[in-house]
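Chemist: Below: sequence and its predicted model.
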Amino acid sequence: MPANPILRLKSVRKTFGHFTALHGIDLAIEEGEFFTIVGPSGSGKSTIIRLLVGMDELTSGEIWLRDKRIDQIPANLRPTCMVFQSLALFPHMSVGQNIEFPLKLRKIDPAKRKARAIELLQLLHLPASYYDKRVTECSGGERQRVALARALAFDPEILFFDEPLSALDYRLRKSLEKELKDLHARTGKTFVYITHSLEEALVMSDRIAIMKSGRFEQISDADEIYSKPVSRFVAEFMGEVNLFQVTASDGRIEGAGLIAAPGDATSTMAERITAARDATLMIRPEYVQFLADGQVADFEISGTLNGIYALGSRIHYEVKTGSGQILTVEKLREDRYDGSQGDTVRLGWSAASAHVIEDTPFEEKVA
Ligand SMILES: Nc1ncnc2c1ncn2[C@@H]1O[C@H](COP(=O)(O)OP(=O)(O)OP(=O)(O)O)[C@@H](O)[C@H]1O
C-alpha cells in the first residue's frame, strides 16, 4: 500500500445490465508512480480508465484524488488528462497550435504560450522548427509526441494512457516505450497506463496490475510478478513457464514425474505445498538445466527432446516428459545444448529458482 497515494479506488464496481465489468476493485497509486494495468482483451482495463477520467459513471464505489472525491465531478473539471489511443489532434492546426490549445483555453498570453510549446517540443525530442509544421505532415510517431506534448501542456495531476502505442510499428513502439519511461522520470508526473502488451508494461512500469475478468489478480513490481506470480493465470500471462501440479506428504514433493531431492532446500516448499489446497510448482525455462551424467539437482525430471527452436539470441528446447507434458528450456545461444531431437534427457533445477503457486486470487487492500 503506497505511503502517499495520489489516486485511490475504493470498492469500484461497474455493471452493464446484468454483466459485471468491475467487481468492486480497490487500488492506491503513489504520487509520481508509473503504474500499468495489463490484462487480456475484455478484462476491464478501458472500463477503469473511462471511470477515472469521467467518461463513464460508477455503479458503486468511490474515486479519490488525494483528499478529494472526484467520481461525481464531470470529466472536463477533473484535473487529470488522457492520451487517447486515436490521437484526436486537430488536423487543421499546426503542431504549435495543437500544443498550445490547453494554454489558450486558460487565456495565457501568446508569447508565453509559444515559449511553453517550444519547451515541450524539446522535452519530446522534436525540433523547435516543428512549431509551424502541419500535424498532417507529421509521421505517426511524431504525432504521438505532439499529442503527449499537448497532454503535458494541460499540466495535469495524472496522465492516463489508453494503449497509445498499439497502432505503431514494432521499432517505433520500442523507441517510444523508452522515451515514455524517460519522460516520466523527467516530468515526475504520475502516469497510469493501460496495455494488453506485457512487454510494454515490463519496460516502463514501477508497478504493474494484472487484470482478469474485472478483478486484479496481482499488483506488484515487474520482478515480483515474474518470479512470484500468485496464480497460474499470472504465471502464464508473464511469459513461457513450466507448471507442475504437485502434492507433498512427509516432506516429499510429488507430481507429474518430478523427483524432488529431500533436504532443507525442498522441505520449506513441501510445507507450503502441504498447507495449500491446490499447489503448483513453477519453474521458468531459463532456470532449467540439461543435467550431465551423475549431476544432481533439487528437482529432476526425464523426457525426450522433442523440438529445438532458434529465436535469435536464445534457443528454446521442448522436452516431452513421461506423462506427456511438454516442458520448455531456454538457453542463450552461447550456452546451447548439444543434443538432437529424440534424445533422452534429464532436466534439473534448484529449489531457489522454483516457486510454489498457491492459487489464491489477490486483492490489494486499501485502508
Ligand atoms: N458499454 C458497454 N456495454 C456493455 N458491455 C460493455 C460496455 N463496455 C464494456 N463492456 C464489457 O466490459 C468488459 C470489459 O471491457 P473493457 O473495454 O474494459 O476491456 P479491456 O480490458 O479494455 O479490453 P481491450 O483490451 O479489448 O480493450 C468486456 O466484456 C466488454 O464487453
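Modeler: Arrived safely, thanks for sending.
Chemist: Could I get the full set of strands for the stretch 51-200 of the chain?
Modeler: 60-65, 68-69, 80-83, 158-162, 190-195 (DSSP state E, counting those that start in this stretch).
Chemist: winner for burial among the ones you listed?
Modeler: Greatest average neighbour count among these goes to strand 190-195 (a mean of 24), per mean count of other C-beta atoms under 10 Å. C-beta coordinates here come from the backbone N, C-alpha and C atoms, glycine included.
Chemist: count of neighbours near the nearest residue to residue 202 once chain neighbours are set aside?
Modeler: Using C-beta to C-beta, 6 or more residues apart in numbering and skipping residues adjacent in sequence, the residue nearest residue 202 is residue 222, 4.9 Å away. Residue 222 sits with 18 neighbouring residues when counted by other C-beta atoms under 10 Å.
Chemist: Then residue 108?
Modeler: Neighbours of residue 108 (other C-beta under 10 Å): 16.
Chemist: how near is it to residue 193?
Modeler: Look at residue 108 and residue 193: by C-beta to C-beta, to the nearest Å, they are 28 Å apart.
Chemist: Could you list the low-confidence segments of the chain?
Modeler: Flagging of the chain using pLDDT under 70 yields the residue ranges 1, 81, 84-87, 359-367.
Chemist: On the three-state scheme, residue 337 is what?
Modeler: coil (DSSP: H, G, I helix; E, B strand; the rest coil).
Chemist: doesn't residue 319 make contact with it?
Modeler: No - the pair residue 337 / residue 319 is not scored as a contact, 10.2 Å apart, by C-beta atoms under 8 Å.
Chemist: contacting residues for the residue of the stretch 51-200 of the chain found nearest the ligand?
Modeler: Nearest to the ligand in the stretch 51-200 of the chain, going by C-beta to the nearest ligand atom, is residue 196, at a distance of 4.7 Å. Residues near residue 196 by C-beta atoms under 8 Å, 6 or more residues apart in numbering: 38-41, 45, 163, 166.
Chemist: Around the ligand, pick out the residues from this protein.
Modeler: Contact residues, the chain versus the ligand (C-beta under 6 Å from any ligand atom): 16, 19, 21, 39, 41-47, 196.
Chemist: Please convert the buried members of those into PyMOL selection syntax.
Modeler: Restricted to buried positions by 16 or more other C-beta atoms under 10 Å, the PyMOL selection for the residues of the chain next to the ligand reads:
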select buried, resi 21+39+43+44+45+46+47+196
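Chemist: and the residues of the chain next to the ligand as CSV, adding secondary structure?
Modeler: As requested, these are arranged in CSV below (three-state DSSP):
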residue, secondary structure
16, strand
19, strand
21, strand
39, coil
41, coil
42, coil
43, coil
44, coil
45, helix
46, helix
47, helix
196, coil
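Chemist: Which strand or helix spans the closest residue to residue 60 other than its chain neighbours?
Modeler: Nearest residue to residue 60 in three dimensions, chain neighbours excluded: residue 13, at 4.7 Å (C-beta to C-beta, 6+ apart). Assigned by DSSP states H and E, residue 13 belongs to strand 5-16.
Chemist: And that strand, what does it pack against?
Modeler: The helices and strands touching strand 5-16, judged by 3 or more C-beta pairs under 8 Å, 6 or more residues apart in numbering; DSSP states H and E, are strand 19-30, helix 45-53, strand 60-65, strand 190-195.
Chemist: Apply 6 Å and report the result again.
Modeler: With contacts taken as 3 or more C-beta pairs under 6 Å, 6 or more residues apart in numbering; DSSP states H and E, strand 5-16 sits against strand 19-30, strand 60-65.
Chemist: Can you spell out which helices and strands pack onto the last one?
Modeler: If contacts are counted by 3+ C-beta pairs under 6 Å, 6+ apart, strand 60-65 sits against strand 5-16.
Chemist: What residues of the strand it packs on count as buried?
Modeler: Taking 16+ other C-beta under 10 Å as the criterion, strand 5-16 shows 5-10, 12-14 as buried.
Chemist: Other residues contacting that strand?
Modeler: 21-22, 24-25, 27-29, 31, 47, 58-65, 190, 366 (C-beta atoms under 6 Å, 6 or more residues apart in numbering).
Chemist: Hey, what's the angle from that strand to helix 45-53? Just curious.
Modeler: On the basis of axes from the mean of the first three to the mean of the last three C-alpha atoms, to 10 degrees, strand 5-16 is oriented at 120 degrees to helix 45-53.
Chemist: The closest residue to residue 79 other than its chain neighbours: how many residues sit nearby?
Modeler: In space, and not counting its chain neighbours, residue 79 is closest to residue 157: 4.6 Å by C-beta to C-beta, 6+ apart. Under the neighbour criterion other C-beta under 10 Å, residue 157 is assigned a count of 17.
Chemist: next one: residue 28
Modeler: Neighbours around residue 28, by other C-beta under 10 Å: 22.
Chemist: In which helix or strand does the residue positioned nearest the centre of the chain reside?
Modeler: For the chain, the residue nearest the mean C-alpha position is residue 201 (3.4 Å; C-alpha atoms, centre = their mean). In this structure, residue 201 sits in helix 198-204 according to DSSP H and E.
Chemist: so residue 274 sits in a helix?
Modeler: Yes - per three-state DSSP, residue 274 lies within a helix segment.
Chemist: so the nearest residue to it once chain neighbours are set aside bridges to which residues?
Modeler: The spatial neighbour of residue 274 that comes closest, neighbours along the chain excluded (C-beta to C-beta, 6+ apart), is residue 248 at 4.7 Å. Beta-bridge partners recorded for residue 248 (DSSP bridges): residue 253.
Chemist: Enumerate every residue touching residue 248.
Modeler: Residue 248 neighbours (C-beta under 6 Å, 6+ apart): 270, 273-274.
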